[in-house]
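Student: Next comes the sequence, and after it the predicted model I'd like to discuss.
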Amino acid sequence: QVQLVESGGGLVQAGGSLRLSCEASGLTLSSYAMGWFRQAPGKEREFVATIVWSTGSLYYQDSVKGRFTISRDNAKNGVYLQMNSLKPEDTAVYYCAAAHLIVRGMNIMTSKSYAYWGQGTQVTVSS
């Protein structure tokens, strides 16, 4: 059974930092990309960052480049999102997700490619 369990959300002032964690089980991560998405009230879910487990390749949404860092821990099957210089517009529910890389060249910056999702964790940035 696949499980993705997020933690680390909370309330922070603008300019502050948070670190989100996601621990995966039931997957052979070497054939997956592990991503973070977010959804603000009234908006569509959007891509934030992803890491290809086998190569370590990283991809980011333009608005978070230089502020957010995605990383992994092979021993813990964990993927993390370090978020610095947070802005009120970063307020959203953040989701961890896994995409099985079964098609060469598949787009891993769209939620449609991700089959498994965590329950989400709320991040609120106050101004």
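Tutor: That came through, no problem.

Student: residues contacting the residue minimising distance to the centre of the chain?
Tutor: What sits nearest the mean C-alpha location of the chain, by CA atoms, centre = their mean, is residue 36, with 1.6 Å. With contact set as CB atoms under 8 Å, 6 or more residues apart in numbering, residue 36 has these partners: 20, 22, 48, 49, 50, 70, 79, 81, 94, 95, 96, 97. Quick note: C-beta positions are derived from backbone N, CA and C, even for glycine.

Student: cool, and residue 107?
Tutor: Residue 107 touches residue 113, counting by CB under 8 Å, 6+ apart.

Student: Provide the secondary structure category for it.
Tutor: coil (DSSP: H, G, I helix; E, B strand; the rest coil).

Student: Can you give me the distance of it to residue 46?
Tutor: 14 Å (CB to CB, to the nearest Å).

Student: again with residue 61
Tutor: Taking CB to CB, one finds residue 61 at 7 Å from residue 46.

Student: Kindly report the same for residue 13.
Tutor: From residue 13 to residue 46 the distance is 23 Å (CB to CB).

Student: Common neighbours of residue 107 and residue 46, please.
Tutor: With CB under 8 Å, 6+ apart, residue 107 and residue 46 have no common neighbours.

Student: coming back round to it: in terms of neighbours, single out the busier of residue 13 and residue 46.
Tutor: residue 46 (15 against 10; other CB atoms under 10 Å).

Student: ok, the more buried one - contacts?
Tutor: Counting by CB under 8 Å, 6+ apart, residue 46 touches 37, 38, 39, 61.

Student: so the first one sits right up against residue 43, yeah?
Tutor: Spelled out, that is residue 37. No: if you go by CB atoms under 8 Å, residue 37 and residue 43 don't touch, sitting 11.5 Å apart.

Student: Looking at the two, which one has more neighbours?
Tutor: residue 37 (25 against 9).

Student: That one - that's part of a strand, no?
Tutor: Yes: assessed by three-state DSSP, residue 37 belongs to a strand.

Student: Bridging across strands, which residues link to it?
Tutor: For residue 37, the beta-bridge partners under DSSP bridges are residue 47, residue 95.
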